[in-house]
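Undergrad: Curious how this folds, go ahead:
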Amino acid sequence: MDNLSIDNALLRPQLAEGWVVDTSQEPACIKNTRAGQGFEINEITLMILKLCDGSQSVESIIESLGARFPEAESEIADDVEGALRNLNEAGALALLPAQPLELFNIPEKTPKHRKRKLCIGMATYDDYDGVYFTLQAIRLYHPEVLDDLEFLVVDNHPDGPCAKSLKRLERSVPAYRYIPFNMVRGTAVRDVIFREASAEYVMCIDSHVFIEAGVLKRLLDYFDAHPRTKDLLQGPLLNDDMRNIFTHFSPKWSVGMYGTWSRDSRADDIDHEAFDIPMQGLGLFACARRAWPGFNPRFSGFGGEEGYIHEKFRQAGGRTLCLPFLRWLHRFNRPMGVPYSVKWDDRVRNYLIGRDELGLGADDVIEHFAEHIGEKNTQRIVATVTAEIENPFYYFDAIYCLVASDDMQTLAEMQAVFVALEVSSRVIVIHLSDYSDEENVARILAYRELISLAKENASENLLIFDEVSAPDIIMGSAYKNAITELKQLEWSVFYLEAQRADAPVKHGEALLKLTETEAPDAHCFALHSRILAQCLANLPVNEEDAGRWLEATDDFAAYISENVSGRFAPAYPLLK
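TA: Numbers count the residues shown, from 1 in each chain. As a prediction, this is how the structure comes out:
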């Protein structure tokens, strides 16, 4: 039990044989009916034991209690682990291996269809019913525009139970595309819709939304009348009673969310001209694909998007408008619960990162969450996010780590590196086995996908770690100093290479030097957006091509040297 916290997802606690909880007296106690021994337990331990039925992992118990007591979320993990550790050591609790999650094969992405005028896209996580009824309602009640529509579904749990059925919809729904995507989860997944859409205009909706009849035709007419629009278009939310509407969010805080439902009477007339609104819920919104500014790639989990994306449109020269005719109905109630976790840490972090990006203050964010989830919890999150933003590695839009082995020791070593560099929450692990059984082939294909993703997302840069370089990554400030210097340079490729203590580089010397030709044999590098197209020009697209490519090219670093014109910035910090 010394490493209980490491195995939270792999252990299912259950009372050991012969042990029972006795609540007939106060304080409650736990007893061994065979040995006649027992001891008293406090209310917290009793609450935890009620969840220890052998069906839930330690992780799920922590999440369950965190949802019930958000103000104490930061202490719950320690309380649960401490209580279980003591019970296990006393012989009162058995720790069973968790039942393996049933993983399903990830379906293939649907190829692109002919270009349509409007893409209706939705991101979903195990909500097949919602997707099905949303799609079929559009087909039933908007037949006049179906030839102009493309349907795009981004499955954020493509190895889950709904994936096969979501994929199968392509057989019955014309112009339907299924996109599996699990690299990241949460709010920012909606960026994939805009990246994959082929239509000039995009409507993004939740996977459980109905759109009033006639609305889509009017929206297409609006786009015809405003072909160069840079605006974010939204409309009134219909209440379940089908009478009352909510036209926008007022910029006020309520129960952990920025924005409260409000109504502007101008929208009572569906023919009223569009008018400006401060913000609105993102269950339905539309814009020209070229005008989409994108979510901050550092967002994680759910929350923080309302208000943020509206201000981003305004700062880009657009308006945020309510079109009174653009009416929609949203399913809010989820009596069976949601199949994903929503964490306060993610929500507060997204708000803080968004405010930082937009150059706005965050005092109101901190004040509200201090009241809602507690001062101590809020200050912990704020301190963590502040340190993340101040870390020079924050400069990189995306950080990936390629791993060729699923060996737990290797993964633990890699994680230790990222903890030391204070980037563990940012790193997305890419398993090479997902690309090919042949490691070198898989590595090149992974490079291509990550570079393509950065280019399509209009990322300024990306940083890629390879597991083979992990033991040589410096544990300290040297790389951070190099990145701070890098921000001031016009660079193309940035290599992180470590020199040993006997190398002819003195501590404190300039860490970077720009060169037109030098490309070290590095497995940790960053690429700037200015050379992504060059990088992609001759990279292979499949395993067969990759095999031939590797016969002609030693490795990726050599390929960069020979095919990419730009300024290389090798960093040679001293390893002590």
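Undergrad: residue boundaries of the helices in the stretch 451-576 of the chain?
TA: For the stretch 451-576 of the chain, applying DSSP state H, counting those that start in this stretch gives helices covering 478-486, 532-536, 543-552, 556-563.
Undergrad: can you pull the buried residues of the last one?
TA: In other words, helix 556-563. The neighbour-count check on helix 556-563 (16 or more other Cβ atoms under 10 Å) flags 556-557, 559-560 as buried. Bear in mind the C-beta positions are built from the backbone N, C-alpha and C, glycine included.
Undergrad: Next up, the contacts around Y394.
TA: Neighbouring residues of Y394 by Cβ atoms under 8 Å, 6 or more residues apart in numbering: 298, 388, 426.
Undergrad: Return the subset of those residues lying in helices.
TA: Judged by DSSP state H, helices contain the following of the contacts of Y394: E388.
Undergrad: got a winner among the contacts of Y394 for most neighbours?
TA: R298 (22 neighbours; other Cβ atoms under 10 Å).
Undergrad: Give me the pLDDT value at V493.
TA: V493 carries a pLDDT score of 85 in this model.
Undergrad: Just give the closest residue to F249, not the sequence neighbours.
TA: G259 (3.2 Å; Cβ to Cβ, 6 or more residues apart in numbering).
Undergrad: phi, psi of the nearest residue to V255 once chain neighbours are set aside?
TA: Once flanking residues are discounted, V255 sits nearest to H372: 6.7 Å by Cβ to Cβ, 6+ apart. Per-residue torsions, H372: phi -90, psi -40 (degrees, to the nearest 10).
Undergrad: H372: neighbour count?
TA: By other Cβ under 10 Å, neighbour count at H372 equals 18.
Undergrad: what does C524 give?
TA: Neighbours of C524 (other Cβ under 10 Å): 21.
Undergrad: Using JSON lines, lay out the helices of the stretch 451-576 of the chain together with distance to K252.
TA: Output for the helices of the stretch 451-576 of the chain, formatted as JSON lines (distance: least, Cβ to Cβ, whole Å):
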{"stretch": "helix 478-486", "distance to K252": "38"}
{"stretch": "helix 532-536", "distance to K252": "41"}
{"stretch": "helix 543-552", "distance to K252": "54"}
{"stretch": "helix 556-563", "distance to K252": "50"}
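Undergrad: which one of those lies closest to E439?
TA: helix 543-552 (10.7 Å; Cβ to Cβ).
Undergrad: Show me what the closest one packs onto, helices and strands only.
TA: In terms of contacts (3 or more Cβ pairs under 8 Å, 6 or more residues apart in numbering; DSSP states H and E), helix 543-552 is packed against helix 439-456.
Undergrad: And the helix it packs on, what does it pack against?
TA: Under the contact rule (3+ Cβ pairs under 8 Å, 6+ apart), helix 439-456 is packed against strand 399-403, strand 461-466, helix 532-536, helix 543-552, helix 556-563.
Undergrad: If we go by neighbour counts, what in that helix is buried?
TA: 440-455.
Undergrad: between those residues, which is closest to A420?
TA: Nearest to A420 among those, with distances taken as Cβ to Cβ, is L450, at 23.0 Å.
Undergrad: give me the number of residues near the residue lying closest to C162 once chain neighbours are set aside?
TA: Spatial nearest neighbour of C162, excluding adjacent residues (Cβ to Cβ, 6+ apart): Y128 at 4.1 Å. For Y128, the neighbour count with other Cβ under 10 Å is 20.
Undergrad: mind checking how far Y128 is from R443?
TA: 35 Å (Cβ to Cβ, to the nearest Å).
Undergrad: the helices in the stretch 251-400 of the chain, which residues?
TA: Going by DSSP H, counting those that start in this stretch, the stretch 251-400 of the chain shows helices at 308-315, 344-358, 363-372, 375-390.
Undergrad: Could you dump those into JSON lines with mean pLDDT and distance to K164 added?
TA: Converted to JSON lines, the helices of the stretch 251-400 of the chain look like this (pLDDT from 0 to 100; distance: least, Cβ to Cβ, whole Å):
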{"stretch": "helix 308-315", "mean pLDDT": "98", "distance to K164": "32"}
{"stretch": "helix 344-358", "mean pLDDT": "95", "distance to K164": "29"}
{"stretch": "helix 363-372", "mean pLDDT": "95", "distance to K164": "40"}
{"stretch": "helix 375-390", "mean pLDDT": "93", "distance to K164": "38"}
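Undergrad: Point out the most buried one among those.
TA: helix 344-358 (a mean of 22; mean count of other Cβ atoms under 10 Å).
Undergrad: give the contact list for R185.
TA: So R185 contacts 125, 156, 300-301, 340 (Cβ under 8 Å, 6+ apart).
Undergrad: By mean pLDDT, which helix or strand of the protein comes out lowest?
TA: The helix or strand with the lowest mean pLDDT-type score in the chain, counting by mean pLDDT, DSSP states H and E, is strand 568-571 (a mean of 59).
Undergrad: any idea which of the contacts of Y394 is closest to L140?
TA: Using Cβ to Cβ, the contacts of Y394 come closest to L140 at R298, 40.0 Å.
Undergrad: Let me know whether the closest one touches L352 as I believe.
TA: No: assessed by Cβ atoms under 8 Å, R298 is found out of contact with L352, at 10.4 Å.
Undergrad: picking that back up, ranking the helices of the stretch 451-576 of the chain by burial, who's on top?
TA: Using mean count of other Cβ under 10 Å, helix 478-486 ranks as the most buried of the helices of the stretch 451-576 of the chain, with a mean of 19.
Undergrad: Take the helices of the stretch 251-400 of the chain and write them to TSV, including distance to G38.
TA: Shown next, in TSV, are the helices of the stretch 251-400 of the chain (distance: least, Cβ to Cβ, whole Å):
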stretch	distance to G38
helix 308-315	54
helix 344-358	37
helix 363-372	40
helix 375-390	34
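Undergrad: for the ones you listed, which one sits closest to E543?
TA: helix 344-358 (36.1 Å).
Undergrad: which secondary structure elements does that closest one contact?
TA: Checked by 3+ Cβ pairs under 8 Å, 6+ apart, helix 344-358 has helix 308-315, helix 363-372, helix 375-390 packed alongside it.
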